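[1] I'd like to go over a predicted model; first the sequence, then the structure.
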Amino acid sequence: MAEINTLRLLNPGARELNLYGDGSFCPELGLGAWAYRVPSLGIAGVGVECGSDAGFFEFAAVVAGIEAVAAVDITARPIHVHTDSEFVWRLLVHMADGAPLPSRSRFEPIRALYSRVAESSGARRVVRPKRKARRKEVRECHLDARQSLKGHIRASDTLTRALNEQREKQELAALTKHREQLDRRVEDLQEERRLCDLRVQTITQRLNLATCDGGVNLSGMRDAVRAGR
């Protein structure tokens with residue numbers, strides 16, 4: 001499900017286009033949202049859909065933005081993509097080199113998205129930044145995506161119940177793990193207490209034996225020392 005606000009261009013405008021995008025992900029539901037902005041064209045979009053992880057939605061934002069640009073801009077101006085995602089940044093490196101995605105399973109969830117970029121960008125260059133962006137526009141895209149995702153979940157009683165149930169299961173698992181850690185700690189303390197008791201018993205027995213044998217007359221020793229002075 002996507003909401004797109006577009007404005008058909010009448011003039012070429014800027015010589016290059018800046019695309020900002022980010023996503024938000026709810027792992028408990030396998031649901032997320034993406035958002036993009038292209039300020040020079042006055043277009044922006046958000047969408048909510050199912051996905052595998054945060055990287056999927058961060059890349060989906062870029063893909064949706066490129067497709068939106070292709071739909072309204074007939075020029076071949078390059079698109080400069082700005083993202084704060086290391087995963088997306090690496091994907092952009094592959095795109096810039098014209099290289100196919102590696103065969104590793106990590107890339108399987110976004111393989112179809114990657115193909116969509118090639119189809120929609122055509123001869124237009126997609127330019128990656130020299131490093132991950134730390135721009136307020138990217139942060140604003142993240143907030144747009146997060147707000148859209150929250151609103152989508154709140155609007156559905158089924159999703160709300162499922163989310164609450166998953167979070168309670170997570171809390172239960174965390175508490176169970178913590179209790180097991182406490183139990184192990186108690187066992188360690190009990191063993192430490194047992195060893196301490198044995199040591200106390202051993203020292204007490206030695207002192208009792210010494211007392212029975214007459215022990216050491218500390219008072220007499222002190223008197224002898226004073227007399228020697």
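    Here it is on my side, so go on.
[2] partners of the longest strand along the chain, with directions?
    Criterion DSSP state E: the longest strand present in the chain is strand 17-26. Here strand 17-26 has these sheet partners by DSSP bridges: strand 31-38 (antiparallel), strand 79-82 (parallel).
[3] Any chance of CSV for those strands, columns mean pLDDT?
    Formatted as CSV, these follow (pLDDT from 0 to 100):
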stretch, mean pLDDT
strand 31-38, 96
strand 79-82, 91
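[4] Comparing those strands, which comes out most buried?
    A comparison of the strands paired with strand 17-26 by mean neighbour count, using mean count of other C-beta atoms under 10 Å, puts strand 31-38 on top with a mean of 28. Every residue, glycine included, has its C-beta placed from N, CA and C.
[5] any idea which helix or strand comes after that strand?
    strand 43-50 (DSSP states H and E).
[6] Buried residues, that following strand. List them.
    I43, A44, G45, V46, G47, V48 (16 or more other C-beta atoms under 10 Å).
[7] Let me see the mean pLDDT of the lengthiest helix in the chain.
    Ordering each helix of the chain by length in residues (DSSP state H) puts helix 157-212 first. Averaged over helix 157-212, pLDDT sits at 90.
[8] now do stretch 45-65
    94.
[9] Report the separation between the two terminal residues of it.
    End-to-end distance for stretch 45-65: 7 Å, by C-alpha to C-alpha, to the nearest Å.
[10] Which positions in it come out as buried?
    For stretch 45-65, by 16+ other C-beta under 10 Å, it's 45-48, 51, 53-65.
[11] ditto for stretch 83-96
    Buried, per 16+ other C-beta under 10 Å, within stretch 83-96: T83, D84, S85, F87, V88, W89, L91, L92, M95.
[12] tell me the phi and psi of the spatially most central residue of the chain?
    Nearest to the mean C-alpha position of the chain, by C-alpha atoms, centre = their mean, lies A54 at 7.6 Å. Here is the backbone geometry of A54 (degrees, to the nearest 10): phi -60, psi -40.
[13] Could I get the contacting residues of it?
    For A54, the contacting residues are G23, S24, F25, G32, S85, by C-beta atoms under 8 Å, 6 or more residues apart in numbering.
[14] measure the first one to V117 for me?
    In other words, G23. 15 Å (C-beta to C-beta, to the nearest Å).
[15] related to what we said a few turns ago, tell me which strands and helices the longest helix of the chain is in contact with?
    Where contact means 3 or more C-beta pairs under 8 Å, 6 or more residues apart in numbering; DSSP states H and E, helix 157-212 is packed against helix 136-154.
[16] Give me the contacts around the helix it packs on.
    1, 3, 18, 20-26, 29, 31-37, 39, 44, 46-48, 57, 61, 82-84, 159-160, 163.
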